[in-house]
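*Asks:* Dropping the sequence and predicted coords here.
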Amino acid sequence: MPSAPDSITSSRLRDTFTKLSDANEAAFVAYLAAGHPNAEKTVEIVLALEEAGADVIELGIPFSDPLADGVVNQIAAEKALAAGTTTRGVLDMIRAIREKSEIPLVLFTYLNPVYTYGFEDFHRDAAAAGADGILCLDLPPDEAAKNVELAQSKGLSPIRLIAPTTPEERFEEVCATADGFIYYVSREGVTGVQESLAEGLDEQVAVLKKHTDVPVCVGFGISKPEQAAQVAKSADGVVVGSAIVRTVIDNADADNLAQIVHDFAKPLIDAAKSARA
C-alpha cells in the first residue's frame, strides 16, 4: 500500500490530519476563489473560516478556462480576474495569511497559470510564500512522470484527484504519487451544489482506502450539513467549495462578508466534526 514520504509532506498538512485522526474527526476543507471579491477580503474570509473550525483551505487560482468547474466557480474566477487577480497576487495573499495563521493552504489550479509562471519557479515561490500543497486539475500523474520538470513537487505536496470513473486498477498508480491528501470526486461532471450525494459513495471510498495510507477527502456537490456528516463518516475529510463560493458571490459587497461566510460554513463544519461522535 503506497504512502507518501515524510520528506515531501507539508508538516502543516501532516500534523493536521494526524491530529484529526487521533481525535477520530474528519477534516473540513474549504475552497475559495482567490481574489474574489478582492485580495483583502480573501484573507479575511480564510481567517473567518479557520475561526469557524475549517482545517484546510483550498485557494483557487483564477483561470480563464476552468474546464472542471461549474458555473458558480466560473463566475468567481471571472470576477477575480476582472478585479486584477494574478498568480503572483495569490502568492501575496498567502503571505498575508501567514502573518496571522498557520492553517494548511492548498493551491487549486490548472496547469496553464503554473506553466506560464514557470513550473519550477512557481513551486519554489509558492512554498516560500507559505503554501503547503498543489492540486493541478489537468495534469495526470502519469503525464507528469514523462517530464522531469512536471514530476517534481519542489516543496509542495501534490494532491491527486480520483474520479468515480477511475478504474480500481489505476488507484495504486495515482496514489503512489499522492501526498497530503487524495481528493476523491464524488460524482461525474463539474463542480457545483447537488441536492443529494452520489449512490454508493461510502463503498467507493472504502475501496480507495484499501490502496493508500494517504488521507482521502471527498468533494464536488456537498452543500448541506447532513451531506457533510454523511461523508465524514467514511472519508478522512469533507471538501466544500461551490456552496461557499456562492455565498461569497451573493454577499460580495457586504461589509461583514467574512462573518457571513463564517456563519454559513459553521453548521457544515460542525456537522462534519460531530459525525463520528
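*Replies:* On my side now, so go ahead. Numbering: from 1, shown residues only.
*Asks:* Could I get the average pLDDT for the host helix or strand of V238?
*Replies:* Using DSSP states H and E, V238 falls within strand 237-240. Mean pLDDT, strand 237-240: 96.
*Asks:* Name the next helix or strand following that strand along the chain.
*Replies:* Proceeding N to C from strand 237-240, the next assigned helix or strand is helix 242-250, under DSSP H and E.
*Asks:* The strand holding V238 pairs with which strands, and in what direction?
*Replies:* strand 27-33 (parallel), strand 216-219 (parallel) (DSSP bridges).
*Asks:* Name the spans of the stretch 1-150 of the chain whose pLDDT lies under the cut-off.
*Replies:* By pLDDT under 70, the weakly predicted segments of the stretch 1-150 of the chain are 1-10, 144-150.
*Asks:* Now the strand holding V238: buried residues?
*Replies:* Within strand 237-240, the residues that count as buried by 16 or more other CB atoms under 10 Å are G237, V238, V239, V240. C-beta here means a position set from N, CA and C on the backbone, and glycine is covered the same way.
*Asks:* Please name the residues that touch the closest residue to the third one other than its chain neighbours.
*Replies:* Read it as V239. In this structure, V239 finds its nearest non-sequential neighbour in G219, 2.8 Å apart by CB to CB, 6 or more residues apart in numbering. With contact taken as CB atoms under 8 Å, 6 or more residues apart in numbering, G219 is in contact with V29, Y31, Y183, Y184, V185, S186, T191, V238, V239, V240, G241.
*Asks:* tell me which element the residue most central in space within the chain falls in.
*Replies:* Centroid-nearest residue in the chain: E58, 3.8 Å away (criterion: CA atoms, centre = their mean). Assigned by DSSP H and E, E58 belongs to strand 56-60.
*Asks:* And the contacts of that strand?
*Replies:* Against strand 56-60 from outside (CB under 8 Å, 6+ apart): 13, 16, 27-34, 42, 46, 49-50, 73, 76-77, 90, 93-94, 103-109, 135, 181, 237, 239, 241.
*Asks:* Return the list of strands paired to that strand, each annotated with direction.
*Replies:* Sheet pairing of strand 56-60 (DSSP bridges) gives strand 27-33 (parallel), strand 105-109 (parallel).
*Asks:* Which among those is found nearest to A176?
*Replies:* strand 105-109 (19.5 Å; CB to CB).
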